[in-house]
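Participant: Make a model of this:
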Amino acid sequence: MKGKIGLIVGLGAGYVLGTRAGRERYEQIRTQWLKVWNLDPVQQQVAKVQDFAKSQAAAVPGAVFHGAVKVVKAVSGSGTPGQKLDSAIDATKDAVEEVQDAAEDTADAVKNTADAAKKKSGSNGSAKNTTGKSGS
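Facilitator: Next up, the predicted model:
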């Protein structure tokens, strides 16, 4: 899906930047794009994506921060240097697991959101089967 979107964006950008019609055609394209961009259904989807990104953006950095705090507390605690080292190693292992869990949760949430969007849009993949050739 990323490849298709990238291709479309690339073709559109290439056309706009490479058009020989000049500024007038560029302004026509820009006006049409802004009309589409400002449609309510498009803006609803944009808002959903922004809300999702905001909710997921803090998950991994938050886990990293909490893990770093645990390691610092383990190192600055009481005990012999060997005990502090063992405590720091254990805290680091726990922090790594928490960061990994947060990253996996974020990846799962992204995948679930993408799957839900595909189902909602009615994408059935039938366009992939067409080759453009007739009678082979």
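
Participant: tell me which element the closest residue to Val42 other than its chain neighbours falls in.
Facilitator: Nearest residue to Val42 in three dimensions, chain neighbours excluded: Val36, at 6.4 Å (Cβ to Cβ, 6 or more residues apart in numbering). From N, CA and C alone the C-beta is placed, and that goes for glycine too. Element membership for Val36 (DSSP states H and E) is helix 23-37.

Participant: tell me how far the strand or helix carrying Val71 is from the chain's mean position?
Facilitator: According to DSSP H and E, Val71 maps onto helix 59-76. The chain centre lies 24 Å from the centre of helix 59-76; the measure is Cα atoms, centre = their mean, to the nearest Å.

Participant: so what are the domain limits for the chain?
Facilitator: Following automatic domain parsing, one gets these domains for the chain: 1-38, 40-120.

Participant: contacting residues around whatever helix or strand comes next after the helix holding Val36?
Facilitator: Using DSSP H and E, the helix or strand that follows helix 23-37 in sequence is helix 40-57. Here helix 40-57 makes contact (Cβ atoms under 8 Å, 6 or more residues apart in numbering) with 36-37, 106, 109-110, 113.

Participant: Just the buried positions in helix 40-57, please.
Facilitator: Gln56 (16 or more other Cβ atoms under 10 Å).

Participant: quick one: least confident helix or strand in this structure?
Facilitator: Here the helix or strand of the chain ranked lowest by mean pLDDT, DSSP states H and E is helix 2-18, holding a mean of 76.

Participant: Report the inter-axis angle for that one versus helix 23-37.
Facilitator: 150 degrees (axes from the mean of the first three to the mean of the last three Cα atoms, to 10 degrees).

Participant: Can you show me the CA trace of helix 2-18 as CSV?
Facilitator: Extracted in CSV, the C-alpha atoms of helix 2-18 (Å, rounded to 0.1, in the frame of the first residue of the first chain):
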residue,chain,number,x,y,z
LYS,A,2,2.9,2.4,0.8
GLY,A,3,4.3,1.8,-2.6
LYS,A,4,1.1,2.7,-4.4
ILE,A,5,0.7,5.8,-2.3
GLY,A,6,4.3,6.8,-2.9
LEU,A,7,3.9,6.2,-6.6
ILE,A,8,0.8,8.4,-6.8
VAL,A,9,2.4,11.2,-4.8
GLY,A,10,5.6,11.0,-6.9
LEU,A,11,3.7,11.1,-10.1
GLY,A,12,1.6,14.0,-8.9
ALA,A,13,4.7,15.9,-7.7
GLY,A,14,6.5,15.2,-10.9
TYR,A,15,3.7,16.4,-13.0
VAL,A,16,3.2,19.6,-11.0
LEU,A,17,6.9,20.4,-10.9
GLY,A,18,7.5,19.4,-14.5
